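Undergrad: Here is my input, please return the structure:
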Amino acid sequence: MKKKILAALLAAAMTVTMLAGCGVPGGGKEEGESSESNEKVFRYSTRTEPTSLDPTKSNSIPDNEIQHAITESLVRNTGGEVYPGVAETWEVSEDGLTYTFHLNPDAKWSDGQQIKAQDFVYSWQRLMNPKTAAPYAFIGEYIKNGYQVEKGQMDPSELGVVAQDDTTLVVTLEHPTAYFLSMIGAQAQFAPLRQDIVEKYGKDFAADAEKNIYSGPYKLTSSKNQKWVFEPNEEYWDADSIKLDRVELSYVQTQDTALAMYEDGELDYVELPSAAVPTYEGKDNVFRNGNVDYFYFNCSNQYLSNKNLRLALNYALNRNDYNDLVNNGISAPSASLAFSGLKGVEKTYGEESTLQSYPLDGDEAKAKEYLNTALSELGLSNPSDISLSITTTDAETSKKQAEVCQEMWTKTLGINVTIQQVTYNEVLSRQQSGDYEIAWGGWGSDYDDPYSYLELFKSGSSYNYSRYKNDQVDQLLEASQQEVDAKARMDMLHQAEQIIIDDGAFLPQAERVIHYLLDDDMKDVTFFYCSVNIDWVHADVEK
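TA: Next comes the predicted model:
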């Protein structure tokens, strides 16, 4: 499914959020240094602006990280653990289909009005209403009649979410969804909305800090000049748990610039550029943020519709060399689709997997075998008869990624490969329209379950940018959503991933490994591998 990330992962993959704050890197403030009137201020930076400040229209991990601070859903997901949010308690029916949430009557909007069950009904109906054109509407298909409402086949009022009274919300699902609470606790689209505020501003709702109202622990007080300022929401039901006085998010275009700011004591957190990692060995921290990097293959293309050509491209890629050349050896080479660190039944998904995939060092002999079969099937006599184009963003790192694949494919296979660099938004537009042959992308999960990745290859998914279709994959994914036995369900997902790999439906490259520096005086910054990579809501500055 695309958290997401967006897959579009491309957004999450190409533009990594970086945090920063007051203090000198590595050891707090120097002796005698002032501390801005003893305020606890956390500053961080980003290389991508939010796509929208309207939670309904959010569609990336950076969007989620902002919304996680300024909105409060029924529950709150912090590092994979689910805690009460606007809902104090909830019950789940024995069949796993009905959730009854009891809202906290003390939960209020930033203007002091009570947050009511009707605010969730309005928000979720707005999400699924096709007139809203929410890019992430598909994530509401888990709700009863969600798909039919999304496709205009039912009225939004028929969505399976009902306010029995101001503090009782009943949600009915299409099928049991073990990760439902985890998902609504981190995905921005499930936040409540005040109908009067949305209608007051119309198309300008959430266009800036002043045209919004806030349900979360923080409120946005400024969004001007590519800088977003957050301050505690005094009306937040759990205001005592908020320790920071202010948070500032600034647009910093390059990682090198952010690192220099960190070294100058301007930033409190920085993600290290891959080339700088060796310099900070032993001083940095590491985590895998759940993002997988890959190339989309447009399976409707005259050449890429051929399975054997796609397999030839996969076997011709030496992923270990690719990682060294592109990522300075920092990422974890991968030949699979779903992030290996996801929850499995008893271990992680990767530990339980028996997936048979492409060798990380590649296999030139097999690549040529698949190529020769493809040439015969395509009615071609020479590899040079095949011309493919890689579409990627205009960033220098994107060019390097494409050039490494270009060199390996032309050397091993003898095909023609060109590179077309366009703007980031143009890449997204072409993926959605299908106007590309090969495009770099990636994905970060919307929830802690492999289905979030595998659904990218379900034929009916709005994020199936590959135009891939396999009836058996569709059947397995649909069956997995009905299966209540955890092991049987996970086996179905492993089977589906194996088929996708066997079909060469995409070109996996690596799982992203994040190396970062965090100032010693920063406490309780949470890192997680899906939906919200960096969570500073309950962070504190130790004076």
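
Undergrad: contacts and neighbour counts: CA atoms only from here.
TA: Will do.

Undergrad: Next, the contact list for the residue of the chain positioned farthest from its centre, please.
TA: The outermost residue of the chain, judged against the average C-alpha position, is residue 381 (42.4 Å), by Cα atoms, centre = their mean. Residues in contact with residue 381 (Cα atoms under 8 Å, 6 or more residues apart in numbering) are residue 375.

Undergrad: what secondary structure does it sit in?
TA: coil (DSSP: H, G, I helix; E, B strand; the rest coil).

Undergrad: Tell me the confidence at it?
TA: On the pLDDT scale, residue 381 is placed at 93.

Undergrad: again with residue 254
TA: Value for residue 254, per-residue pLDDT: 87.

Undergrad: And for it, the neighbour number?
TA: A total of 13 residues lie near residue 254 under the criterion other Cα atoms under 10 Å.

Undergrad: Any idea how many residues pack against the residue lying closest to it once chain neighbours are set aside?
TA: Distances taken as Cα to Cα, 6 or more residues apart in numbering put residue 47 closest to residue 254, at 6.6 Å, once the chain neighbours are dropped. Using other Cα under 10 Å, residue 47 is surrounded by 18 other residues.

Undergrad: Would you confirm that residue 47 contacts residue 257?
TA: No: between residue 47 and residue 257 there is no contact under Cα atoms under 8 Å: 10.6 Å.

Undergrad: can you map out the strands along the stretch 301-450 of the chain?
TA: 332-333, 387-393, 416-422, 438-443 (DSSP state E, counting those that start in this stretch).

Undergrad: and the nearest residue to residue 114 once chain neighbours are set aside, what does it touch?
TA: In space, and not counting its chain neighbours, residue 114 is closest to residue 108: 4.3 Å by Cα to Cα, 6+ apart. For residue 108, the contact set (Cα under 8 Å, 6+ apart) comprises 114-115, 215, 235-237.

Undergrad: Just the closest of these to residue 342, please.
TA: residue 215 (29.7 Å; Cα to Cα).

Undergrad: so where do the helices sit in the stretch 1-150 of the chain?
TA: 9-14, 61-70, 117-128, 146-150 (DSSP state H, counting those that start in this stretch).

Undergrad: Columns mean pLDDT and distance to residue 444 on top of those, output as TSV?
TA: Output for the helices of the stretch 1-150 of the chain, formatted as TSV (pLDDT from 0 to 100; distance: least, Cα to Cα, whole Å):
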stretch	mean pLDDT	distance to residue 444
helix 9-14	34	6
helix 61-70	93	8
helix 117-128	98	21
helix 146-150	96	23
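
Undergrad: got CSV for the contacts of residue 108, with pLDDT, neighbour count and distance to residue 78 too?
TA: Formatted as CSV, those follow (pLDDT from 0 to 100; neighbours: other Cα atoms under 10 Å; distance: Cα to Cα, whole Å):
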residue, pLDDT, neighbour count, distance to residue 78
114, 98, 18, 24
115, 98, 24, 21
215, 98, 30, 17
235, 98, 22, 21
236, 98, 26, 17
237, 97, 20, 17
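
Undergrad: picking that back up, winner for burial among the strands of the stretch 301-450 of the chain?
TA: For the strands of the stretch 301-450 of the chain, the largest average neighbour count (mean count of other Cα atoms under 10 Å) is found in strand 438-443, namely a mean of 28.

Undergrad: Please compute how far it lies from its chain's middle.
TA: 13 Å (Cα atoms, centre = their mean, to the nearest Å).

Undergrad: Report the mean per-residue pLDDT for it.
TA: Mean predicted confidence for strand 438-443 is 89.

Undergrad: other SSEs contacting the following helix or strand past that strand?
TA: Helices and strands here follow DSSP states H and E; after strand 438-443, the next one along the chain is helix 451-454. Applying 3 or more Cα pairs under 8 Å, 6 or more residues apart in numbering; DSSP states H and E, we find helix 451-454 packed against helix 486-502.

Undergrad: let's see it at 10 Å
TA: Judged by 3 or more Cα pairs under 10 Å, 6 or more residues apart in numbering; DSSP states H and E, helix 451-454 is in contact with strand 438-443, helix 471-480, helix 486-502.

Undergrad: hey, C-alpha coordinates of it in PDB?
TA: Output of helix 451-454 as PDB, limited to C-alpha atoms (Å, rounded to 0.1, in the frame of the first residue of the first chain):
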ATOM      1  CA  TYR A 451       0.800  -6.300   3.700                       C
ATOM      2  CA  SER A 452       1.700  -2.600   3.500                       C
ATOM      3  CA  TYR A 453       4.500  -3.500   1.100                       C
ATOM      4  CA  LEU A 454       2.900  -6.400  -0.800                       C
END
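
Undergrad: mind listing what's buried in it?
TA: 451-454 (16 or more other Cα atoms under 10 Å).

Undergrad: quick one, phi psi at residue 50?
TA: Backbone dihedrals for residue 50, given as degrees, to the nearest 10, come out at phi -60, psi 140.

Undergrad: By mean pLDDT, which helix or strand of the protein comes out lowest?
TA: helix 9-14 (a mean of 34; mean pLDDT, DSSP states H and E).

Undergrad: in this structure, which ranges drop under the pLDDT threshold?
TA: 1-37 (pLDDT under 70).

Undergrad: Okay, domains of it per the record?
TA: For the chain, automatic domain parsing gives the domain ranges 48-250, 289-513.

Undergrad: so how far is the last one off the chain centroid?
TA: Same thing as domain 289-513. 17 Å.

Undergrad: secondary structure class for residue 243?
TA: coil.

Undergrad: was I right about it contacting residue 540?
TA: Yes: counting by Cα atoms under 10 Å, residue 243 touches residue 540, with 5.4 Å between them.

Undergrad: Verify the stated contact: residue 471 with residue 500.
TA: No: at 11.2 Å, residue 471 does not count as touching residue 500 under the criterion of Cα under 10 Å.

Undergrad: Tell me which of the two has more neighbours.
TA: Applying other Cα under 10 Å to residue 471 and residue 500 shows that residue 500 carries more neighbours, namely 22 against 10.

Undergrad: ok, now which ones touch that one?
TA: Applying Cα atoms under 10 Å, 6 or more residues apart in numbering to residue 500 gives the contacts 336-337, 454, 457-458, 468-470, 472-473, 494, 506.

Undergrad: Filter those residues down to the buried ones, PyMOL style.
TA: Remark: buried members of those, expressed as a PyMOL selection using 16+ other Cα under 10 Å:
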select buried, resi 336+337+454+457+458+468+469+473+494+506
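
Undergrad: and the contacts of residue 500 as TSV, adding distance to residue 41?
TA: As requested, the contacts of residue 500 are arranged in TSV below (distance: Cα to Cα, whole Å):
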residue	distance to residue 41
336	40
337	39
454	40
457	43
458	44
468	47
469	50
470	51
472	52
473	49
494	45
506	43
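
Undergrad: Which single one of the contacts of residue 500 is nearest to residue 149?
TA: residue 458 (19.6 Å).

Undergrad: where exactly do the helices run in the stretch 151-300 of the chain?
TA: Going by DSSP H, counting those that start in this stretch, the stretch 151-300 of the chain shows helices at 180-184, 195-201, 255-263.

Undergrad: number of nearby residues for residue 311?
TA: 26.

Undergrad: Distance-wise, check it relative to residue 130.
TA: Residue 311 is 38 Å from residue 130, where distance means Cα to Cα, to the nearest Å.

Undergrad: ditto for residue 145
TA: 13 Å.

Undergrad: Wait, residue 262 touches residue 519, no?
TA: Yes: judged on Cα under 10 Å, residue 262 makes contact with residue 519 at a distance of 9.2 Å.

Undergrad: list the residues that contact both of residue 471 and residue 500?
TA: Contacts common to residue 471 and residue 500, judged by Cα under 10 Å, 6+ apart, are residue 458.
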